[in-house]
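K.L.:
Requesting a structural model of the entry that follows:
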Amino acid sequence: MAAAVYDTTLETFPIRMKNKVSLVGVGWDVTILDAKGTETVMMCENVTDARTRISGFTLTGGKSTVGWAGGIELQGSSPTIANNVITMNTSNVGTGGIRCFGQSSPVIENNTISENEGHSADGGGINITQSDAVIKKNIIENNTSPAVKCGGQCSPVIEGNTIQGSVSARSSGGTAIECQDGASPSITGNVISGNIVRDWPGVGSVIIYVGNSSPTIEKNIIAHNLGVAIQVSEPFTSPPSPPSLPVIVGNTIDRNSSDAIMSVSKIPLIKNNIISN
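P.N.:
Have a look, this model is predicted:
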């Protein structure tokens, strides 16, 4: 697509992707898809060919009130989403930025996902439900919490991202990353910093929340956050198959406002971490 602002005067939203048909802009700074608060910006249903690509755009102004994401909704789809800015999208009952649902397996890389606002249970940044997304080398910043949420028998890869400035308006759950309902993500090599809680004076949030799930949390830097760095909170009611405990290995956990690791029920494997200040 040529450089332009494609708003409601030029496009009908949501823009619906077709399988094997890529959508490539000139660049995120000059090719802008702006839904102007009317609808989800982009919709992918049964886009199963991984060569289908969404690249080179700013996606903004999306608003969903029916459970879809404000920015990009994926249902049974596995495109590559790369080199975009996804910002200032909202959802009253879902996710602000990107929602992966129904056995979607996208590659989401080298994007800036910022200032998106979702429902408190679904988060502002990326929501992965029953899907195995690869999320790598993104800047995920200043979204409402959780910035990344994983749930429902999924095994996504969350690697090499910067997750910062997430804002929580609640006293429980994960501010940066939340794992629930049998999820077993690999959370590796991320920098997680400057995530905060608001509207609860004197109360810190949980930066990585593990409830009824078994993530591998490895080689991350978790520093300068307000709250507990990692909390393992709930017993397994529908454990992954085969059942396994959370693994917390080789992380640097430094200068957070509360406990480094808190385990309420299950004791995870904790090994070779640097825990300081």
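
K.L.:
give me the number of residues near the residue nearest to residue 51 when sequence neighbours are not counted?
P.N.:
Excluding its sequence neighbours, the residue lying closest to residue 51 (C-beta to C-beta, 6 or more residues apart in numbering) is residue 20, at 6.8 Å. C-beta coordinates here come from the backbone N, C-alpha and C atoms, glycine included. Neighbour count of residue 20, defined by other C-beta atoms under 10 Å: 11.

K.L.:
just to confirm, which helix or strand has residue 20 in it?
P.N.:
In the assignment (DSSP states H and E), residue 20 maps to no helix and no strand.

K.L.:
Pull the contacting residues for it.
P.N.:
Contact analysis of residue 20 by C-beta atoms under 8 Å, 6 or more residues apart in numbering lists 49, 51-52.

K.L.:
try 10 Å this time
P.N.:
47-49, 51-52, 79 (C-beta atoms under 10 Å, 6 or more residues apart in numbering).

K.L.:
Please tabulate the residues you listed in JSON lines, including the columns distance to residue 100, secondary structure and pLDDT.
P.N.:
Shown next, in JSON lines, are the contacts of residue 20 (distance: C-beta to C-beta, whole Å; DSSP: H, G, I helix; E, B strand; the rest coil; pLDDT from 0 to 100):
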{"residue": "47", "distance to residue 100": "12", "secondary structure": "coil", "pLDDT": "97"}
{"residue": "48", "distance to residue 100": "13", "secondary structure": "coil", "pLDDT": "95"}
{"residue": "49", "distance to residue 100": "16", "secondary structure": "coil", "pLDDT": "95"}
{"residue": "51", "distance to residue 100": "18", "secondary structure": "coil", "pLDDT": "94"}
{"residue": "52", "distance to residue 100": "14", "secondary structure": "coil", "pLDDT": "97"}
{"residue": "79", "distance to residue 100": "11", "secondary structure": "coil", "pLDDT": "98"}
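
K.L.:
Per-residue confidence, residue 238, what does it come out as?
P.N.:
If you check residue 238, the pLDDT there is 49.

K.L.:
Same question for residue 121.
P.N.:
83.

K.L.:
Test my guess that it contacts residue 149.
P.N.:
Yes - with contact defined as C-beta atoms under 10 Å, residue 121 counts as touching residue 149 (8.4 Å).

K.L.:
what residues are shared contacts of these two?
P.N.:
95, 127, 173, 178, 180.

K.L.:
give me every residue that touches the first one.
P.N.:
When contacts are counted by C-beta under 10 Å, 6+ apart, residue 95 touches 64, 67-73, 89, 101, 116-119, 121-129, 143-144, 146, 149.

K.L.:
Make a ChimeraX selection of whichever of those residues turn out to be buried.
P.N.:
The ChimeraX command for the buried members of these (criterion: 16 or more other C-beta atoms under 10 Å) is given here:
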select :64,68,69,70,71,72,73,89,101,116,117,118,119,121,122,123,124,125,126,127,128,129,143,144,146,149
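
K.L.:
Strands - which of the contacts of residue 95 land there?
P.N.:
64, 72-73, 101, 126-129, 149 (DSSP state E).

K.L.:
Output these as a markdown table; include the columns pLDDT and distance to residue 208.
P.N.:
Supplementary listing: the ones in strands among the contacts of residue 95 in a markdown table, determined by pLDDT from 0 to 100; distance: C-beta to C-beta, whole Å:
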| residue | pLDDT | distance to residue 208 |
| --- | --- | --- |
| 64 | 92 | 27 |
| 72 | 98 | 24 |
| 73 | 97 | 25 |
| 101 | 93 | 22 |
| 126 | 97 | 15 |
| 127 | 96 | 16 |
| 128 | 96 | 15 |
| 129 | 93 | 18 |
| 149 | 95 | 11 |
